[in-house]
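In: model the following, please.
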Amino acid sequence: MTSAPSSLTVSNPHRWKALSILSLAQFLIILNTSIIGVALPTIQEHFSITQMDLQWIFNAYVIAFGTLLLLGGRLSDTLGHRQIFVIGFITLTAASVLAGMAPTIDVLIAARIVQGVGAALIAPSALSIVMSLFAGNKSEMNRAMGIWGAAAPAGGTAGVFLGGVITAWLDWPWVFLINVPIGVAVLALTPKLIPKGIRKKKGNIDYLGAMSITVSLAIFVYSIVTANDVGWLSAQTVVLLSASIISLVAFVAIERRSKDPLIPLHIFRTTANLLSSNIVMALLGAAWVSMWFFLNLYLQQILHYGPLESGLALLPMTVLIMVMMVWASPKLMGRLGTKLNLVAGLSLLAVGILLFSLTPANTSNTSNSNNGIFLAYVLPASIISALGMSFSYIPVLTAAVANAKKEDVGVASGLVNTTYQIGSALGLAIMVSIATMHTEALVNIGMKSLDALNNGFHLAFVGAAFISTLAAIVSLKYIKTKR
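Out: Sure thing, here's the model as predicted:
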């Protein structure tokens, strides 16, 4: 018997309005990874906490988000995409209220973890809905993916600017409370604009598999993040990495024996490009987030820009990414194909990031000198990097999920989002470690602190450029797509 067609597979008159909500959701969950950056010193002063405690306000969200995306994708496939989307927004909104009103640092970190849980439910379900809404029309699909894809890097970059505005004009709690009115609006519009979705997939939720892979990824990220402080060969790092490997082996064993695995291992055999695309997505996240992190530090610590000035300096990059992803990237994908766009984009990104390694330190610290450095060095590198990201993100995302079966779209999208977040966290941790060690070594041999700091940033930019180049090589060699 042939099942009735899904309400999402026929042309939905509200699909473009629904896309605006789904893109806003993607923008918001990525915004939450970056909007707190400028507010962190104010939060540190408010709670009188150490640097070690402070970093977990950022890491708690990223780790929970990245490690639970696989479970979010599976729940989306099993319980229904819209249902999980709504539950995710309720969770994120409630946690944002708790974060904004947190009386202690422990409560704030706990709220950030819950925010990450909500985001992990929203991301894969939102992508699944986008793919289903525009299924059957390649032209509309490319444009829709361009709009939805633009929301992620735009949210990451815009978070820096909005964080500066909110911290300067309001106060730090509002970097969390800004989610509340947006969440309420999305929840109010969802029942009208987003249909219920495809038929639910039968089966049980593989909670044991979800626990083992989440523990493995969380421990792995934690061990890398803390390795620079405790030592890469310390007992703590070795024990944590060993525990992560053991948990990963347990996960594979569980998936092989489970009737309803969290990640059906056959998906890597039946879905073309899934493994290679996820590797490229992890490398893209590592390169892009590392570049963004050190560019923000360069603007504030080397050029001595304030929060608002730094945000304004990043606006050209943000606007260009949004325009190119919405209008140019889909057209180029249609004409040139996924693979060519991806290789060209990653190569451009590598060039742009490498140009940041040429930025000088402004020892005079004058406004005219700062602006001259920005126009001559930062702006050109920003434009090239933005073009590279614009041509890379949507093609690798499309390559990862386009060939998945309808019932596995949520798993595939959860997996590709997981690799981006985990790649971002690991790449940033490694680049921060490299930059810190290089800066300390230069200071020890007598170099001025500002020059040493800038040289440390340069080495991080070179490392990020190398990662992007590696991603381009993997794409060229292993991703197979038709024109």
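In: all helices for the stretch 251-400 of the chain, in order.
Out: 267-270, 274-297, 307-323, 329-336, 338-356, 367-373, 379-401 (DSSP state H, counting those that start in this stretch).
In: got the buried residues for the third one?
Out: Looking back up the chat, that one is helix 307-323. Buried residues in helix 307-323, counted by 16 or more other C-beta atoms under 10 Å: 307, 309-311, 313-314, 317-318, 320-322. To be clear about C-beta, it is placed using only N, CA and C from the backbone, and glycine gets the same treatment.
In: do the same with the first one
Out: By 16+ other C-beta under 10 Å, the buried positions in helix 267-270 come out as I267.
In: which other helices and strands does that helix contact?
Out: Judged by 3 or more C-beta pairs under 8 Å, 6 or more residues apart in numbering; DSSP states H and E, helix 267-270 is in contact with helix 274-297.
In: the helix it packs on vs helix 379-401, what angle?
Out: 160 degrees (axes from the mean of the first three to the mean of the last three C-alpha atoms, to 10 degrees).
In: what comes up buried for helix 274-297?
Out: Those would be 274, 276-297, for helix 274-297 by 16+ other C-beta under 10 Å.
In: distance of Y222 from W56?
Out: 10 Å (C-beta to C-beta, to the nearest Å).
In: same question for N137.
Out: 44 Å.
In: out of those two, which sits in the busier spot?
Out: W56 (18 against 13; other C-beta atoms under 10 Å).
In: I'd assumed I109 was in contact with that one.
Out: Yes - W56 lies in contact with I109 (C-beta atoms under 8 Å); the separation is 5.3 Å.
In: could you list the low-pLDDT ranges of the stretch 101-250 of the chain?
Out: By pLDDT under 70, the low-scoring segments of the stretch 101-250 of the chain are 136, 153, 156-157, 197-203.
In: which residues in it form helices?
Out: 105-133, 138-169, 174-177, 179-193, 207-230, 235-257.
In: same for the shortest one, what does it pack against?
Out: This means helix 174-177. helix 81-100, helix 138-169.
In: mean neighbour count and distance to D451 added to these, as JSON lines?
Out: Output for the helices and strands packed on helix 174-177, formatted as JSON lines (neighbours: other C-beta atoms under 10 Å; distance: least, C-beta to C-beta, whole Å):
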{"stretch": "helix 81-100", "mean neighbour count": "22", "distance to D451": "38"}
{"stretch": "helix 138-169", "mean neighbour count": "22", "distance to D451": "25"}
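In: so the most centrally placed residue in the chain is in which element?
Out: Compute the mean C-alpha point of the chain, and by C-alpha atoms, centre = their mean the closest residue is Q421, 4.8 Å away. Q421 belongs to helix 409-444 when assigned by DSSP states H and E.
In: so that helix versus helix 274-297, what angle?
Out: Using the same axes, to 10 degrees: helix 409-444 against helix 274-297 is 40 degrees.
In: any buried residues in whichever helix or strand comes after helix 409-444, and which?
Out: Sequence-wise, the next helix or strand downstream of helix 409-444 (DSSP H and E) is helix 449-478. Applying a neighbour-count criterion of 16+ other C-beta under 10 Å, one finds 451-465, 467-472, 474-475 buried in helix 449-478.
In: show me where the stretch 351-483 of the chain dips below the pLDDT cut-off.
Out: Using pLDDT under 70, the stretch 351-483 of the chain drops low at 363-367, 403, 406-408, 410, 481-483.
In: L71 is in contact with T214, correct?
Out: Yes - assessed by C-beta under 8 Å, T214 is found in contact with L71 at 7.0 Å.
In: what do the two both touch?
Out: With C-beta atoms under 8 Å, 6 or more residues apart in numbering applied, the contact sets of T214 and L71 do not overlap.
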